[in-house]
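> dropping a prediction and its sequence here:
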Amino acid sequence: MHPVDEIGDLFAGEGAQDYLGEPVSVAVHMRQAGALAEAAGAPPEQVAAALLHDVGHICGGTVSGRELMAGHDNRHGDAGAAWLAQWFGPEVSEPVRLHVAAKRYLCAVEPGYFSKLSEASVYTLSVQGGPMDRAEAEAFAALPHAAAAVAVRRWDEEAKDPDATTPEFSHFRDLLIRLTAAG
Ligand code: FE
């Protein structure tokens, strides 16, 4: 099976579970994030990173959202990035790895950002280490894929709308297949 179809099966299976108490499933959340990136005119690598940013929650071997809410940081960014790096280049996998850190970064450098977080995301922020301090934020901003990770994070925050019309996974299939060939 092509890896992209393997990912599609995850969206249809594991992805149907609740997303950390949000009003949409993990799969709908990720498809909305991918659609927002596409609507923003982002390059294909960032559309893919947005679409796949939470794949670490559903690609196996990690704790469930409910367990995360109970106080465990499952490092889903690292898990997802390592899994994706089998097929995709760092322009896709690194923003995925860094999207949790990007929340801590944005809360440190943008005064209004914290208020954009959902209740569940405020809770996981505390588990993930809280807002970065100045030195951490400077180190983060200097990372090669920091800007893409911040972009993915902003779409992540927005992609929790139960009333939005959300494209199916198949909408993104060709884009992903082109990127796996390149990665
Ligand atoms: Fe997310």
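Noted; the coordinates are in hand. Residues are numbered from 1 along each chain as shown.

> C-alpha from now on. contacts and neighbour counts both.
OK.

> let's verify Cys59: helix, strand, or coil?
At Cys59 the chain is in coil, as set by DSSP: H, G, I helix; E, B strand; the rest coil.

> now for it, how many residues are close by?
19 (other Cα atoms under 10 Å).

> nearest residue to the residue positioned nearest the centre of the chain in space, ignoring adjacent ones along the chain?
Taking Cα atoms, centre = their mean, the centroid of the chain lies closest to His53, which sits 2.4 Å from it. Leaving aside its sequence neighbours, His53 sits nearest to Val96 (Cα to Cα, 6 or more residues apart in numbering; 4.7 Å).

> OK, contacts around the one you found?
Contacts for Val96 (Cα atoms under 8 Å, 6 or more residues apart in numbering) come out as 49-50, 52-54, 77-78, 80-81, 149, 152.

> now it: how far from Thr165?
To Thr165, Val96 is 24 Å away according to Cα to Cα, to the nearest Å.

> next: Gly8.
According to Cα to Cα, Gly8 and Thr165 sit 19 Å apart.

> those two: who's more crowded?
Using other Cα under 10 Å as the criterion, Gly8 and Thr165 rank with Gly8 on top: 18 against 10.

> my read: that one touches Phe169, true?
Yes - counting by Cα atoms under 8 Å, Phe169 is a contact partner of Gly8 at 6.4 Å.

> about what we covered before: please determine how far the residue nearest to His53 is located from Gly77.
For Val96, the distance to Gly77 - Cα to Cα - is 6 Å.

> which neighbours do these two share?
By Cα under 8 Å, 6+ apart, the residues touching both Val96 and Gly77 are 53-54.

> helix or strand next in line after the longest helix seen in the chain, which one?
The helix that spans the most residues within the chain, counting by DSSP state H, is helix 90-109. Later in the chain than helix 90-109, the nearest helix or strand by DSSP states H and E is helix 119-127.

> and the helices in the protein?
Going by DSSP H, the chain shows helices at 3-12, 26-39, 44-52, 65-69, 76-84, 90-109, 119-127, 134-141, 146-158, 173-182.

> make CSV out of those helices and add mean pLDDT and distance to Leu20.
Below are those laid out as CSV (pLDDT from 0 to 100; distance: least, Cα to Cα, whole Å):
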stretch, mean pLDDT, distance to Leu20
helix 3-12, 95, 16
helix 26-39, 97, 8
helix 44-52, 98, 16
helix 65-69, 53, 5
helix 76-84, 91, 12
helix 90-109, 96, 14
helix 119-127, 88, 6
helix 134-141, 97, 26
helix 146-158, 97, 13
helix 173-182, 92, 26
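
> from the ones you listed, which stretch is densest packed?
Highest mean neighbour count among the helices of the chain (mean count of other Cα atoms under 10 Å): helix 44-52, with a mean of 27.

> what packs against that helix?
helix 26-39, helix 90-109, helix 146-158, helix 173-182 (3 or more Cα pairs under 8 Å, 6 or more residues apart in numbering; DSSP states H and E).
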